[in-house]
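*Asks:* Next come a sequence and a model predicted from it.
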Amino acid sequence: PVKSPPEYYKNDSPPPLKKNEKFTDKLFPPDIESLTYISDFNKEFVQSNEINQFKNITWKRISDIFQNNKYDLFNTLDVDDIKQGIIGNCYFLCVLSSFAKRPEIYDKIFVDKKIKVNGMYQLRFIINGIPQIILVDDYFPTVNNEFIFAQNNNEFWVQLLEKAWAKINLSYANTIAGIPYEVFNCLSEAPCENISHQRHNKFFVWNELIRAKKEGFYITCNTKYLSKEQEDNEGLISGHSYAIIDLFEFNVAYKNGTIYECDYESYTFKCSPLKKEENEENNEDNILRIMKIYNPWAWFEWKGKFND
């Protein structure tokens with residue numbers, strides 16, 4: 001059978017370029033509109049102070065940002081590559097973080113994983129159920145020659161994905177606030193499920209998470225509203241999205257009211273003292289359930305029980 005040509009987003013197929021000419025995306029140019037446009041639907045979710053952060057921004061090509069320093073599109077795919085910048089798109093970056101253990105998904109997203117001298121990159125997204133190729137150039141918003149949105153060291157694959165997402169949504173500002181499953185729908189061909197604590201008890205939710213882990217699903221989570229005091233005491237951020245990296249169930253035993261034994265498969269787990277009645281308040285079956293999550297901020301860590 002004849003293979004159909006790829007469908008390009010908004011019929012934006014690769015333009016012919018002259019020798020040594022670099023691609024500049026006319027549908028998503030390096031200007032203020034690509035930064036600050038906000039649709040009527042999103043106006044209630046975007047604060048004016050978030051837009052004010054975009055002042056004094058300079059668009060620069062990737063070669064000008066790194067200058068004489070060595071850089072790659074991809075080096076190693078790791079959760080630590082993903083660090084959120086000044087824009088509130090944690091829901092998008094937490095999905096990228098959830099892919100860290102199975103990076104083969106990026107082989108499907110990136111048409112080519114090499115640096116392009118002409119600055120033109122092609123990424124596959126699923127838009128309204130249709131696989132489409134998004135063209136993006138290598139201009140990025142900077143301040144003092146530093147990325148202001150997604151950041152990592154000497155790679156820029158995260159920035160390209162973030163820019164493609166902004167192009168689909170008409171601007172970077174229009175990507176502020178969202179839901180992870182919207183991103184899963186665009187970056188994978190898998191069906192997505194959203195589970196609410198308001199509709200299900202904690203044991204149902206946990207069992208669904210364990211099932212998802214065993215099936216090899218990508219998992220993220222969101223926090224509810226938290227007061228500033230709760231944020232400071234617990235190390236969780238209010239209304240924030242996290243990638244779930246792993247899940248653990250520990251069979252626990254007690255001695256003199258505190259845990260003295262806690263083992264799970266090949267893991268050695270050091271427990272800080274926890275009163276039996278304090279554990280049983282949320283744990284009726286003597287199983288200690290723990291999540292390992294990743295904050296796209298790459299800082300502000302969990303401060304509660306069993307923190308590291």
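*Replies:* Sure thing, it's come through.
*Asks:* For the closest residue to T142 other than its chain neighbours, the count of nearby residues, please.
*Replies:* Excluding the flanking residues, the one nearest T142 by C-beta to C-beta, 6 or more residues apart in numbering is K60, at 5.0 Å. All C-beta spots, glycine's among them, are computed from the backbone N, C-alpha and C. By other C-beta atoms under 10 Å, 19 other residues sit near K60.
*Asks:* from what I can see K60 touches Y139, true?
*Replies:* Yes - the pair K60 / Y139 is scored as a contact, 6.8 Å apart, by C-beta atoms under 8 Å.
*Asks:* Can you report phi and psi for the residue nearest to T142?
*Replies:* phi -130, psi 150 (degrees, to the nearest 10).
*Asks:* cool, and A173?
*Replies:* According to degrees, to the nearest 10, A173 has phi -60, psi -30.
*Asks:* Which residues are in contact with it?
*Replies:* L35, T36, Y37, I38, N42, V46, E50, I51, F54, I87 (C-beta atoms under 8 Å, 6 or more residues apart in numbering).
*Asks:* thinking again about what came up before, who are the contact partners of the residue nearest to T142?
*Replies:* Y139, F140, T142, N145.
*Asks:* Any idea what it is bridged to?
*Replies:* Beta bridges link K60 to F140, judged by DSSP bridges.
*Asks:* what lines up beside the biggest strand by length in the chain in the sheet?
*Replies:* Criterion DSSP state E: the longest strand present in the chain is strand 241-255. Using DSSP bridges, strand 241-255 pairs in its sheet with strand 220-222 (antiparallel), strand 258-264 (antiparallel), strand 287-294 (antiparallel).
*Asks:* which of the residues in that strand are buried?
*Replies:* By neighbour count on 16 or more other C-beta atoms under 10 Å, the buried set for strand 241-255 is S241, Y242, A243, I244, L247, F248, F250, V252.
*Asks:* Excluding chain neighbours, give the residue nearest to K116 in space.
*Replies:* D138 (7.4 Å).
*Asks:* do Y8 as well
*Replies:* Closest residue in space to Y8, ignoring its immediate chain neighbours: I133 at 5.1 Å, by C-beta to C-beta, 6+ apart.
*Asks:* Show me the shaky parts of the stretch 1-150 of the chain.
*Replies:* Along the stretch 1-150 of the chain, segments meeting pLDDT under 70 span 1-5, 41-42, 44-45, 47-48, 50.
*Asks:* Which stretches in it count as helices?
*Replies:* 32-36, 48-52, 62-66, 90-98, 105-109 (DSSP state H, counting those that start in this stretch).
*Asks:* what do you get for the stretch 151-300 of the chain?
*Replies:* Going by DSSP H, counting those that start in this stretch, the stretch 151-300 of the chain shows helices at 157-168, 180-187, 202-215, 228-234, 276-280.
*Asks:* Touching, E208 and N194? I think so.
*Replies:* No - applying C-beta under 8 Å as the test, E208 and N194 come out as separate, 11.0 Å apart.
*Asks:* which one of these two has more residues nearby?
*Replies:* Remark: of E208 and N194, E208 carries more neighbours, 15 against 11, as counted by other C-beta under 10 Å.
*Asks:* now the more buried one: how far from K101?
*Replies:* Using C-beta to C-beta, to the nearest Å, E208 is found at 19 Å from K101.
*Asks:* do S238 as well
*Replies:* S238 is 27 Å from K101, by C-beta to C-beta.
*Asks:* picking up where we left off before, as TSV, the contacts of A173 with distance to F125 and neighbour count would be great.
*Replies:* Below are the contacts of A173 laid out as TSV (distance: C-beta to C-beta, whole Å; neighbours: other C-beta atoms under 10 Å):
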residue	distance to F125	neighbour count
L35	21	22
T36	23	18
Y37	19	15
I38	21	17
N42	19	18
V46	22	18
E50	24	17
I51	25	15
F54	24	18
I87	19	22
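*Asks:* The contacts of K60, buried ones only, as a PyMOL selection?
*Replies:* Entered in PyMOL, the line below selects the buried ones among these, by 16+ other C-beta under 10 Å:
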select buried, resi 139+140+142
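*Asks:* Show me the least confident stretch of the strands paired with strand 241-255, going by mean pLDDT.
*Replies:* Lowest mean pLDDT of the strands paired with strand 241-255: strand 258-264, a mean of 52.
*Asks:* for Y8, what are its contacts?
*Replies:* P14, Q132, I133, L135.
*Asks:* quick one: which of those is nearest to A190?
*Replies:* Q132 (17.2 Å; C-beta to C-beta).
*Asks:* Bridged to that closest one, which residues?
*Replies:* F125.
*Asks:* which residue is nearest the centroid of this structure?
*Replies:* Central residue of the chain (C-alpha atoms, centre = their mean): L93, 1.6 Å from the mean position.
*Asks:* I'd say it and A150 touch.
*Replies:* Yes - with contact defined as C-beta under 8 Å, L93 counts as touching A150 (6.5 Å).
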